[in-house]
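Participant: would you be able to build a 3D model of this:
(one chain, ligands or ions: 1)
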Amino acid sequence: MCGIVGYVGQRDAAEILLEGLHRLEYRGYDSAGIAVFGENGIAIRKKAGRVTELAQLLERQPAIGSVGIGHTRWATHGAATDINSHPHVGGNGDVVVVHNGVIENYATLKDKLQERGYVFRSSTDTEVVAHLIAHQLEELIKLGDDPTDVKTAVTAVEASIKVLKGTYGLGILFRDLPGLLIGARAGSPLVVGVGKGEYFLASDSGPLVGHTSEIVYLSDNELVVLTPDEMKLTHRDSGKMVPSIQVLDQAAADSDLGEFEHYMLKEIYEQPTTIENALRGRLDDDAATAKFGDVNLTVQQLRRIDRVVLTACGTSWHSGLVGEYLIEEFARIPVEVEYASEFRYRNAPLSETTMIFAITQSGETADTLAAMRESQRKGHSTLAICNVVGSTIAREADGGIYLHAGPEIGVASTKAFTSQVAVLTLLALYFGRIRNMSYGAGQRIISHLRAMPETIQRSFACHDAVKEVAQKYYGADNFLYLGRNYNFPVALEGALKLKEISYIHAEGYPAAEMKHGPIALVDENTPSVFVIPRCGLYPKVMSNLEEVKARKGPIIAIACEGDDQIARFADDVIFVPDVEDYLQPIVTAIPLQLLAYEIALLRGCNVDRPRNLAKSVTVE
Ligand code: M6R
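Facilitator: Got it, this is the predicted structure:
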């Protein structure tokens, strides 16, 4: 959560920072602020609310200069107020800081700094960092160090971050060093964009798009010193480093809205392409299997695997559940799907033949990262199924599979879910084929997968029906989402989509489990969304549907084209193309994504920036 951006060069810093903050706003939108070095020192402009409000403030009170830092906040410590907005000032304005992360020992540090006379204005943990650096600076100056020497500033930062516990990505300016920007990273992502006579600092590659295609991904415990002409990189333990400059794929990092009104809608409609991208180059027709470039394990090693653990959060956890059904069915390998936030602290027994996958869109989710590190610490190589290239999880994993879905900006994950399911299908196919799956079965799966982009395209035909259903039910206070087998995780995902963007209480359940409790919620005001495509369990789900109908619950059915009996039982039917049962989640998720979107619009909610949420959850 929180996005930070920085610039040193010759251009208008405020403009670059604002543009960068717009691109980082998915990381948090409680407040935004910038600090720019001008002729009269460092000017700070900050405001609770969205980046557009900061932009309006800057029109009234410009901040002119060519060096600066900026921040968009997801509040952790202290309410979303102007005063708690970043940047924060240390000492008497000697240091200005933006921060992404959480300082866990801030209370102890704050007490000590207050005893020394530092006055705190905000209730954030970040202000501690600003005062701490100012304090270290003061101590160095007392010993005779020169405050206008870059070395003094660097030493003050190094001494300060040594005592910080928690996570941080930092951007730091010094009152006495006008052309200097220092960045530091531990646990929160940070990249540097390399330009001609200019450098950019950011939480991800988004703010670099259109400015430079040279990027350096910082690792934990690295500190970068930037001036318009120079970048110096050091690591806490290994000292001076040679930055590894990589080429930024501008198209992959670009995130324009195009013709769409919202990112969520754009991303839903991108799914034929994103599924195609997830499959591209990975279907091996000759061997009737899947192939991957970066798994970094031999067939012999993979064949020895007798247990799979999939760890993830939120929507990625739901795709993991689909993965469990897929891998167990295709490859007969037992699978466990673990909430990363639980797995990281559980001492789960893991044998040498257990394969661990972290599933994550952003590659920055704190709990998923910690779960991965914990299993690596125990000696288990861990693979990532990840979307964001160069993200922390992608870089630290022992191998992995990229989704290639392009930037997902809408807070509600849509295209990442279906791409994860597609990649997990490939993985299940691969594991199946190195075990007992026949050549013919492999071929059939490949041909069904290959048809998916076109099938998804056809499924958008349901959008008008979805709009009608949304119009009818958008006033409901509660929804149930029910499905079985491959469509149980889809029910969970549909409920999550609805609650996160429309603020309607929704519960996803295995359809048959409903009678063990949730059926008590059913009444004429509680719609139940049944995900009931044609499959072996169709008659069973139909019985569950009848149980709800008998209690006067309105029924919305997500059913297959050609199902001519469903309309007799459901109040509303949304048809989707008929596909093999193991591919249904990719198709049935689409009307549920659209339903959440349309209901949220009708309720006047901010679809792309729902309250209290952020796209990347980089705090524990
Ligand atoms: O980036 P990740 O896939 O690791 O994110 C995990 C969850 O935070 C994420 O899926 C969240 O649940 C979404 N907002 C759901 O739409």
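
Participant: ok, and the closest non-adjacent residue to whichever residue of the stretch 151-300 of the chain sits closest to the ligand?
Facilitator: Nearest residue of the stretch 151-300 of the chain to the ligand (CB to the nearest ligand atom) works out as Met264 at 9.5 Å. C-betas here are computed from N, CA, C, even on glycine. Closest residue in space to Met264, ignoring its immediate chain neighbours: Gly410 at 3.5 Å, by CB to CB, 6 or more residues apart in numbering.

Participant: I'd like the next helix or strand past whatever helix or strand Arg45 lives in.
Facilitator: Assessed by DSSP states H and E, Arg45 sits inside strand 41-48. Note on strand 41-48: by DSSP H and E, the next helix or strand toward the C-terminus is helix 51-60.

Participant: pLDDT of that following helix, averaged?
Facilitator: On average, the pLDDT along helix 51-60 is 96.

Participant: give me the contacts around it.
Facilitator: For helix 51-60, contacts defined as CB atoms under 8 Å, 6 or more residues apart in numbering pick out 14, 18, 21-22, 25, 29, 32-34, 45-47, 72.

Participant: in that helix, what's buried?
Facilitator: By 16 or more other CB atoms under 10 Å, the buried positions in helix 51-60 come out as 51, 54-55, 57-58.

Participant: any idea of the pLDDT on Glu25?
Facilitator: The model's pLDDT for Glu25 equals 88.

Participant: tell me the contacts of it?
Facilitator: 3, 32, 50-51, 72, 609 are the contacts of Glu25 under CB under 8 Å, 6+ apart.

Participant: quick one: it is in a helix?
Facilitator: Yes. Counting by DSSP: H, G, I helix; E, B strand; the rest coil, Glu25 is located in a helix.

Participant: measure Ala358 to Ala397 for me?
Facilitator: 7 Å (CB to CB, to the nearest Å).

Participant: which residues do those two both contact?
Facilitator: Common neighbours of Ala358 and Ala397 (criterion: CB under 8 Å, 6+ apart): 372, 382-384, 386.

Participant: if we can go back for a sec, between the buried residues of helix 51-60, which sits nearest Met542?
Facilitator: Proximity to Met542 was ranked across the buried residues of helix 51-60 by CB to CB; first place goes to Val51, at 49.3 Å.

Participant: any idea how far that closest one is from Gly193?
Facilitator: From Val51 over to Gly193 (counting by CB to CB), the distance is 19 Å.

Participant: returning to what we had before: confirm the residue nearest to Met264 sits in a helix?
Facilitator: No. Under three-state DSSP, Gly410 sits outside any helix and is assigned coil.

Participant: going forward, count from 23.
Facilitator: Done: numbering now begins at 23, and the last item shifts to Gly432.

Participant: name the residues of stretch 298-315 that come out as buried.
Facilitator: For stretch 298-315, a neighbour-count test (16+ other CB under 10 Å) marks 298-301, 304-305, 310-312, 314 as buried.

Participant: go ahead and confirm Leu504 touches Val512.
Facilitator: No. Using CB atoms under 8 Å, Leu504 is not in contact with Val512, being 10.1 Å away.

Participant: could you name every residue contacting both of these two?
Facilitator: Val553.

Participant: okay, the helix or strand encompassing Lys494 in CSV with CA atoms only?
Facilitator: Using DSSP H and E, Lys494 maps to helix 485-495. Taking Å, rounded to 0.1, in the frame of the first residue of the first chain, the C-alpha atoms of helix 485-495 are listed here in CSV:
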residue,chain,number,x,y,z
HIS,A,485,-23.7,-8.2,-20.5
ASP,A,486,-27.2,-6.9,-21.3
ALA,A,487,-28.8,-9.7,-19.2
VAL,A,488,-26.4,-8.8,-16.4
LYS,A,489,-27.5,-5.2,-16.5
GLU,A,490,-31.1,-6.2,-16.2
VAL,A,491,-30.4,-8.4,-13.2
ALA,A,492,-28.3,-5.6,-11.6
GLN,A,493,-31.2,-3.1,-12.1
LYS,A,494,-33.6,-5.5,-10.3
TYR,A,495,-31.4,-6.4,-7.3
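
Participant: tell me which residues are up against that helix.
Facilitator: 501, 549, 576, 578, 594-597, 613, 616-617, 620-621, 623-624.

Participant: which one of those sits closest to Thr375?
Facilitator: Pro613 (39.8 Å).

Participant: make sure I have this right: Gly558 is in a helix.
Facilitator: No. Per three-state DSSP, Gly558 lies outside any helix segment and is coil.

Participant: neighbours of Pro250, how many?
Facilitator: 18 (other CB atoms under 10 Å).

Participant: check the one 10 residues further on too.
Facilitator: Neighbour count for Ser260, taken as other CB under 10 Å: 9.

Participant: so where is this structure shaky, pLDDT-wise?
Facilitator: Applying pLDDT under 70 to the chain picks out residues 272-276.

Participant: show the end-to-end separation of stretch 622-634, please.
Facilitator: 15 Å (CA to CA, to the nearest Å).

Participant: and the stretch 523-642 of the chain, which residues reach the ligand?
Facilitator: 638-639 (CB under 6 Å from any ligand atom).

Participant: strands of the stretch 523-642 of the chain, start to end?
Facilitator: Here the stretch 523-642 of the chain has its strands, by DSSP state E, counting those that start in this stretch, at 527-532, 550-553, 577-582, 594-598.

Participant: related to what we said a few turns ago, for the contacts of helix 73-82, which one is nearest the ligand?
Facilitator: For these, the nearest to the ligand is Tyr51 (13.7 Å; CB to the nearest ligand atom).

Participant: helix/strand/coil for the closest one?
Facilitator: Per three-state DSSP, Tyr51 ends up coil.

Participant: related to what we said a few turns ago, show me what the helix or strand containing the residue of the stretch 173-322 of the chain closest to the ligand is packed up against.
Facilitator: Met286 is located in helix 285-291, with elements delineated by DSSP H and E. For helix 285-291, the packing partners by 3 or more CB pairs under 8 Å, 6 or more residues apart in numbering; DSSP states H and E come out as helix 606-624.

Participant: contacts only, for whichever residue of the stretch 323-472 of the chain sits closest to the ligand.
Facilitator: Per CB to the nearest ligand atom, the residue of the stretch 323-472 of the chain with the smallest distance to the ligand is Gly336, at 1.9 Å. Residues near Gly336 by CB under 8 Å, 6+ apart: 435, 518, 639.

Participant: tell me, how many residues neighbour the second one?
Facilitator: Using other CB under 10 Å, Leu518 has 22 other residues around it.

Participant: what about the helices in the stretch 173-322 of the chain?
Facilitator: Here the stretch 173-322 of the chain has its helices, by DSSP state H, counting those that start in this stretch, at 272-275, 285-291, 293-301, 321-326.

Participant: what is the orientation angle of the longest one with helix 606-624?
Facilitator: Counting by axes from the mean of the first three to the mean of the last three CA atoms, to 10 degrees, helix 293-301 points 140 degrees away from the direction of helix 606-624.

Participant: tell me what helix 293-301 is packed against?
Facilitator: helix 437-455, helix 474-481, helix 606-624.

Participant: quick one, the helix or strand following the first one and helix 474-481 angle?
Facilitator: Tracing the chain C-terminally past helix 437-455 and defining elements by DSSP H and E, one meets helix 461-472 next. Orientation note: helix 461-472 sits at an angle of 50 degrees relative to helix 474-481 (the same axes, to 10 degrees).

Participant: buried sites along helix 461-472?
Facilitator: 464, 467-468, 471.

Participant: what about stretch 23-33, start to end distance?
Facilitator: Start-to-end span of stretch 23-33 (CA to CA) is 28 Å.

Participant: stretch 137-147 now?
Facilitator: End-to-end distance (CA to CA), stretch 137-147: 17 Å.
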